[in-house]
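K.L.:
Need a 3D model of the following:
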Amino acid sequence: VRISVQLVDALNDAQLWAQSYEESLSPENIFAIQRDVSEQISAALRAELTPGEVDALAVIPTESQAAYDLYLQGNAAFDSDGLGEAADFLERAVAEDPDFALAWATLSMVHSAHYQFFEDRTPERLRRAEAAMDRAFELAPDLPEAHRAEGMYRYWGFRDYDAALRALDIAEQGLPSDQWVMSGQAAILRRMGRVEEGIRSYEQAALVNPLSPSPSSNLALLMALARSYERRRSLVTRTLTLVPDDVQNLIQRGILDLWERGTTEALRTELNGMGELEDWNGIITVERWRVEYFDGAHDRALAVLDSTGYDVLEYQTYYYPTDYLRGLSYQALGRTDVAEAHLERAREHLEEALAATPEEPRMLATLGRTLAALGRTERALAAARRAVEVYGPDQDSLDGPVYVWDLAVTQHTLGHSGQAIDELVR
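P.N.:
Numbering: from 1, shown residues only. Just a heads-up that it's a prediction; the model follows:
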């Protein structure tokens, strides 16, 4: 096969280096070409490879062409958020070559991502992430990708920020410009309350990986929390030039006016333009319901819920049985008997779910709000306060305040508006 490589200065389109290779496709030849390209590009840029980088380039991660092809396909699927497909490719890669440490490390990250992004929030998924990580370390104790996998496992699986940062700092020595390492460090710093450090880390990640939407998207969220709305707007716009159909960023673009001015028109416009985009876990449905509810169009809010196939709408900071949202809508319409029936079903669902995961803050927070809507003061406050104890601002400066907000909503629903305000300004 013939491979042609060019290094071009993006500022003036000038060619800095070019080379063609004609080789048979074997692991040895592929990695030899990769090593030569890295050395030639370093020379063209007058950069010097570190001893660690030179050693890394000399390693052939697998002797199996089939395993390496599957690994590359798994990586590509992971980068495009196809977690199930990525896991399948990588499982097949390690079946082809059980000693393929790099594939084991990446498989661990994919399992951890399943847990983080609500594809599978079970203890079994975390056990699979740990087992793949342990196998990578067993095969290659110094592999930077194994330390990266450990960092994301500690962060995504357990919110163990200190252990995650230690692992990612080790990974950074061998992967100095890796997007996952840099973004992971930035995300952890942000959740630890070290916001300025987190901003600088995301800015650096955006410089190193200008075609990745993740750094600018996460920076936009930080700007919103800092109430720097114009900068947030420009960052969301930049992200959408890279991924025009990204649902979360389309919602974020629409929600800017809701946060800044309390108006729903821009968000409604974005939602109406989403067409056939995937309503993953009901992420679009919950915003459509919210817009109608905020605007007092409660019949339309109920129609939104009737149009979804989901019984639960959930994401990182909320877990809403649709019966809970129906209960609120019927309450607003004054149909108290129907509202109570839906709220009771939501309560039963939440209590059953909490029996399996009693410290789940999203469920505790929604249970508090549901019980408050049913007028059960003591139990409502106990659930809402427990959510803050489990995962409040002391545990996570990014998502933790959401549970303080839920507690304030619970108190307001119960008629304790003064206490609700005290919670929000504390």
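
K.L.:
For the stretch 151-300 of the chain, just list every one of the helices.
P.N.:
158, 161-174, 179-191, 195-208, 213-225, 229-242, 247-261, 265-272, 283-294, 298-306 (DSSP state H, counting those that start in this stretch).

K.L.:
Among those helices, single out whichever gets nearest to A105.
P.N.:
helix 161-174 (9.8 Å; C-beta to C-beta). Quick note: C-beta positions are derived from backbone N, CA and C, even for glycine.

K.L.:
Mind giving me the packing neighbours of that closest one?
P.N.:
Secondary-structure packing of helix 161-174 (3 or more C-beta pairs under 8 Å, 6 or more residues apart in numbering; DSSP states H and E): helix 51-58, helix 144-152, helix 179-191.

K.L.:
ok, back up a step: so which of the helices of the stretch 151-300 of the chain is the most packed in?
P.N.:
helix 179-191 (a mean of 23; mean count of other C-beta atoms under 10 Å).

K.L.:
Out of the helices and strands packed on helix 161-174, which is closest to E130?
P.N.:
Of these, nearest to E130 by C-beta to C-beta is helix 144-152, at 9.2 Å.

K.L.:
chain center to the closest one: distance?
P.N.:
17 Å (C-alpha atoms, centre = their mean, to the nearest Å).

K.L.:
just stretch 3-15 next, same as before
P.N.:
34 Å.

K.L.:
Now do the same contact list for the residue lying closest to S4 once chain neighbours are set aside.
P.N.:
In space, and not counting its chain neighbours, S4 is closest to S20: 4.8 Å by C-beta to C-beta, 6 or more residues apart in numbering. Listed by C-beta atoms under 8 Å, 6 or more residues apart in numbering, the contact partners of S20 are R2, I3, S4, V5.

K.L.:
SS state for the second one?
P.N.:
What DSSP: H, G, I helix; E, B strand; the rest coil gives for I3 is strand.

K.L.:
and A355, how many residues sit next to it?
P.N.:
8 (other C-beta atoms under 10 Å).

K.L.:
And N75, by the same measure?
P.N.:
18.

K.L.:
circling back: looking at the helices and strands packed on helix 161-174, which is nearest to A67?
P.N.:
helix 144-152 (15.3 Å).

K.L.:
tell me the angle of the closest one relative to helix 179-191?
P.N.:
30 degrees (axes from the mean of the first three to the mean of the last three C-alpha atoms, to 10 degrees).

K.L.:
Any chance you could list what contacts helix 144-152?
P.N.:
56, 101-102, 104-106, 108-109, 112-113, 116, 129, 132-133, 136-137, 140, 164-168, 170-175, 178, 180-181, 184.

K.L.:
For T308, which three-state class applies?
P.N.:
Applying three-state DSSP: T308 is coil.

K.L.:
so what's it closest to, chain neighbours aside?
P.N.:
T308 sits nearest to T285 (C-beta to C-beta, 6+ apart), 4.5 Å away.

K.L.:
my read: the one you found touches V304, true?
P.N.:
Yes - contact criterion C-beta atoms under 8 Å: T285 and V304 qualify, at 6.2 Å.

K.L.:
Tell me which residue is most central in the protein.
P.N.:
Centroid check for the chain by C-alpha atoms, centre = their mean gives F117 as the closest residue, at 5.4 Å.

K.L.:
and the closest residue to that one other than its chain neighbours, how many neighbours does it have?
P.N.:
The shortest distance from F117 to any non-neighbouring residue, by C-beta to C-beta, 6+ apart, is to L83 (7.1 Å). Neighbourhood size, L83 [other C-beta under 10 Å]: 18.

K.L.:
distance of the residue nearest to the centre of the chain from E91?
P.N.:
Using C-beta to C-beta, to the nearest Å, F117 is found at 18 Å from E91.

K.L.:
swap in W280?
P.N.:
Applying C-beta to C-beta to W280 and E91 gives a distance of 23 Å.

K.L.:
In terms of neighbours, single out the busier of the two.
P.N.:
Neighbours per residue (other C-beta under 10 Å) separate W280 from E91, with E91 holding more: 17 against 14.

K.L.:
Can you tell me the closest non-neighbouring residue to the more buried one?
P.N.:
L107 (6.8 Å).

K.L.:
hang on, isn't that neighbour packed against D88?
P.N.:
No - with contact defined as C-beta under 8 Å, L107 does not reach D88; the gap is 10.3 Å.

K.L.:
overlap in contacts of these two?
P.N.:
With C-beta under 8 Å, 6+ apart as the test, L107 and D88 both reach G74.

K.L.:
Compare neighbour counts for these two and give me the winner.
P.N.:
Between L107 and D88, counting by other C-beta under 10 Å, L107 is the more crowded of the two (29 against 16).

K.L.:
residues contacting that one?
P.N.:
L107 neighbours (C-beta under 8 Å, 6+ apart): G74, A87, L90, E91, A93, V94, A132.

K.L.:
Pick the one among those closest to A355.
P.N.:
A87 (28.8 Å).

K.L.:
which ones are touching that closest one?
P.N.:
Per C-beta under 8 Å, 6+ apart, neighbours of A87: G74, L107, V110, H111, H114.

K.L.:
Filter these down to the buried ones.
P.N.:
Listed as buried from those are G74, L107, V110, H111, H114; burial here means 16 or more other C-beta atoms under 10 Å.

K.L.:
now those residues as JSON lines including secondary structure, distance to A346 and pLDDT?
P.N.:
Converted to JSON lines, the buried ones among the contacts of A87 look like this (DSSP: H, G, I helix; E, B strand; the rest coil; distance: C-beta to C-beta, whole Å; pLDDT from 0 to 100):
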{"residue": "G74", "secondary structure": "helix", "distance to A346": "39", "pLDDT": "97"}
{"residue": "L107", "secondary structure": "helix", "distance to A346": "37", "pLDDT": "98"}
{"residue": "V110", "secondary structure": "helix", "distance to A346": "33", "pLDDT": "98"}
{"residue": "H111", "secondary structure": "helix", "distance to A346": "31", "pLDDT": "98"}
{"residue": "H114", "secondary structure": "helix", "distance to A346": "27", "pLDDT": "95"}
